[in-house]
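In: model the following, please.
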Amino acid sequence: MAPLITREEALALGEIEDHAEIEALIERAWKVRVDRFEDSTDLCSLVNAKSGGCAQDCGFCAQSRYAEAETPLHAMMEPEQILEHARAAEAAGAHRFCMVTQGQGLSKRDFQKVLEGTRLVAEHTNLKRCASIGHMSPARAAALKEAGVQRVHHNVETAESYYPEVSQTVRYEGRLRTIDAVREAGLETCVGGILNLGETREQRVEMAFELAAIDPTSVPINLLNPRPGTKFGDREHMDPWEAVKWIAIFRLILPDALFRLCGGRVENIGELQQLAVRAGINGVMMGNFLTTLGNTPDEDRAMFENLGLNVARQEDNASNPRPDNRSGWLEGDTPERLEPEGHTPFEIEVRMWDPSKQLRFSRKRHVPERPDGAPNAASTAVR
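Out: Next comes the predicted model:
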């Protein structure tokens, strides 16, 4: 995809701090978003299908064996449990459903559960199917596609020049190999990162242009929600106007990608979330996140409807590509809008993924020194 601004322009826009100037930038990004995607949206919901200790050292993650934070735990879900959460996501208005597991790879048994869960979701819902299961081979990517997965998520996390500060055990090149395997299998790619890990403004621009070179279908934008006991546990939340500004800059650099606002948006952006949507967002990870709480589904839908965007879902078992699915660019009929005064499928009571009730937390007995020698911050545990 061809960026609409140069690196120099992006760096200059990154220095803007006046709110009126940021609002003008947001309007510029909004025009790009509407020109590319009209009123379509792409609302996703996830389930944390497996949570637990991870051997890697990612500095933002409490699941890392190198973090002094308590580890959020639950065993690999059975396929029927995955389907239960998918049905709840569909009832809440999600267009797609992502199955997420911890770590950088799954055992054969757990991978088979993801495949079977995917088949059940494809058979019993109208949701599009996504997976986020760490590093994978071309063979596993092909198996996911055969089971009915349409898009695979695998972040680069940050700019390549800053990446060694984020992880020493997960190689940046390995992340690119997984993205290549996903594309080789004919699957859509979902590749983004996390802002406010300590990167410079120049490195944010670097990451955006690196993503443009990767050319993913979807770009999830996360904002660090510092976890005590991790390397980045003492970082302050990002200023909401600064966060919205960078969403707009990323939109101008990646005009054709689907932007999804994900983890940390409640804590970092707060009341400016609707303004963030106007800065170029196509959708959100609606509801809760892997280990933290989010907005309610009705709050998430309202952010888009208030801007005149269409949150209706296609009732076709995800077989007819929509404008939110780039392999079928602007094909298919626009779903009918739901009348506010009429009955909607969102009125029923749903039980979506809820980390406050479905996770348990385990204190680590021993925490090895981080490979980069950096201390964990704001620790609540002892070695």
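
In: buried stuff in the longest helix along the chain?
Out: Counting residues, the longest helix found in the chain (DSSP state H) is helix 19-37. Residues of helix 19-37 classed as buried under the neighbour-count rule (16 or more other Cβ atoms under 10 Å) are 22, 23, 25, 26, 28, 29, 30, 32, 33, 34, 36, 37. C-betas here are computed from N, CA, C, even on glycine.

In: who are the contact partners of the first one?
Out: When you say that, I think you mean residue 22. By Cβ atoms under 8 Å, 6 or more residues apart in numbering, the contact list for residue 22 reads 16, 241, 244, 245, 248.

In: and which of the residues you listed is nearest to residue 177?
Out: Minimum distance to residue 177 across the contacts of residue 22 is 31.3 Å, recorded for residue 248 (Cβ to Cβ).

In: against which helices or strands is the helix or strand encompassing the closest one packed?
Out: Mapping residue 248 onto the secondary structure by DSSP states H and E places it in helix 240-253. In this structure, helix 240-253 makes packing contacts with helix 7-14, helix 19-37, helix 201-214, strand 218-223, strand 258-261, helix 265-269, helix 273-278, judged by 3 or more Cβ pairs under 8 Å, 6 or more residues apart in numbering; DSSP states H and E.

In: and those as a markdown table, adding distance to residue 174 and mean pLDDT?
Out: Supplementary listing: these in a markdown table, determined by distance: least, Cβ to Cβ, whole Å; pLDDT from 0 to 100:
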| stretch | distance to residue 174 | mean pLDDT |
| --- | --- | --- |
| helix 7-14 | 26 | 98 |
| helix 19-37 | 31 | 97 |
| helix 201-214 | 14 | 98 |
| strand 218-223 | 19 | 96 |
| strand 258-261 | 23 | 94 |
| helix 265-269 | 28 | 93 |
| helix 273-278 | 31 | 96 |
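
In: dump the ones you listed to JSON lines, plus distance to residue 59.
Out: Compiled in JSON lines, these are given as follows (distance: least, Cβ to Cβ, whole Å):
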{"stretch": "helix 7-14", "distance to residue 59": "23"}
{"stretch": "helix 19-37", "distance to residue 59": "29"}
{"stretch": "helix 201-214", "distance to residue 59": "15"}
{"stretch": "strand 218-223", "distance to residue 59": "14"}
{"stretch": "strand 258-261", "distance to residue 59": "22"}
{"stretch": "helix 265-269", "distance to residue 59": "17"}
{"stretch": "helix 273-278", "distance to residue 59": "25"}
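
In: let me know which of those is the nearest to residue 120.
Out: When the helices and strands packed on helix 240-253 are ranked by proximity to residue 120, the top entry is strand 218-223, at 23.2 Å, counting by Cβ to Cβ.

In: next, the angle helix 240-253 makes with that closest one.
Out: When axes from the mean of the first three to the mean of the last three Cα atoms, to 10 degrees is applied, the directions of strand 218-223 and helix 240-253 differ by 160 degrees.

In: gap between strand 218-223 and the chain center?
Out: Its chain's C-alpha centre lies 5 Å from the corresponding centre of strand 218-223 when counted by Cα atoms, centre = their mean, to the nearest Å.

In: with stretch 75-90 instead?
Out: For stretch 75-90, the distance between its averaged C-alpha position and the chain's averaged C-alpha position is 19 Å (Cα atoms, centre = their mean).

In: return the set of residues that bridge with the residue nearest in space to the middle of the chain.
Out: Ranked by distance to the mean C-alpha position of the chain (Cα atoms, centre = their mean), the top residue is residue 220 at 4.1 Å. When bridges are taken as DSSP bridges, the partners of residue 220 come out as residue 260.

In: just the one 10 residues further on next, same as before
Out: Beta bridges link residue 230 to residue 377 when assigned by DSSP bridges.

In: is it true that it touches residue 60?
Out: Yes - proximity of residue 230 to residue 60 meets the contact threshold set by Cβ atoms under 8 Å, at 6.1 Å.

In: for residue 17, what is the enclosing helix or strand?
Out: With elements taken from DSSP H and E, nothing contains residue 17; it lies in neither a helix nor a strand.

In: could you report the neighbour count for it?
Out: Around residue 17 sit 11 other residues, with neighbours defined as other Cβ atoms under 10 Å.

In: can you check residue 138 too?
Out: Applying other Cβ under 10 Å, we find 15 other residues in the vicinity of residue 138.

In: what's it sitting at in phi/psi?
Out: Torsion angles at residue 138 (phi, psi; degrees, to the nearest 10) stand at phi -60, psi -40.

In: residue contacts, the closest residue to it other than its chain neighbours?
Out: Nearest residue to residue 138 in three dimensions, chain neighbours excluded: residue 181, at 4.4 Å (Cβ to Cβ, 6 or more residues apart in numbering). When the contact criterion is Cβ under 8 Å, 6+ apart, the partners of residue 181 are 136, 137, 138, 140, 141.

In: got it, and residue 210?
Out: Applying Cβ under 8 Å, 6+ apart, one finds that residue 210 lies in contact with 156, 159, 160.

In: residue 254: which of those is nearest?
Out: For residue 254, the closest of the contacts of residue 210 turns out to be residue 156, at 13.0 Å, with distances computed as Cβ to Cβ.

In: the closest one reaches residue 174, doesn't it?
Out: No - taking Cβ under 8 Å as the definition, residue 156 is not a contact partner of residue 174, at 10.6 Å.

In: of those two, who's got more company?
Out: Residue environment comparison for residue 156 versus residue 174 gives the larger neighbour count to residue 156, 21 against 15, counting by other Cβ under 10 Å.

In: from residue 279, how far off is the more buried one?
Out: The gap separating residue 156 from residue 279 is 21 Å, by Cβ to Cβ, to the nearest Å.
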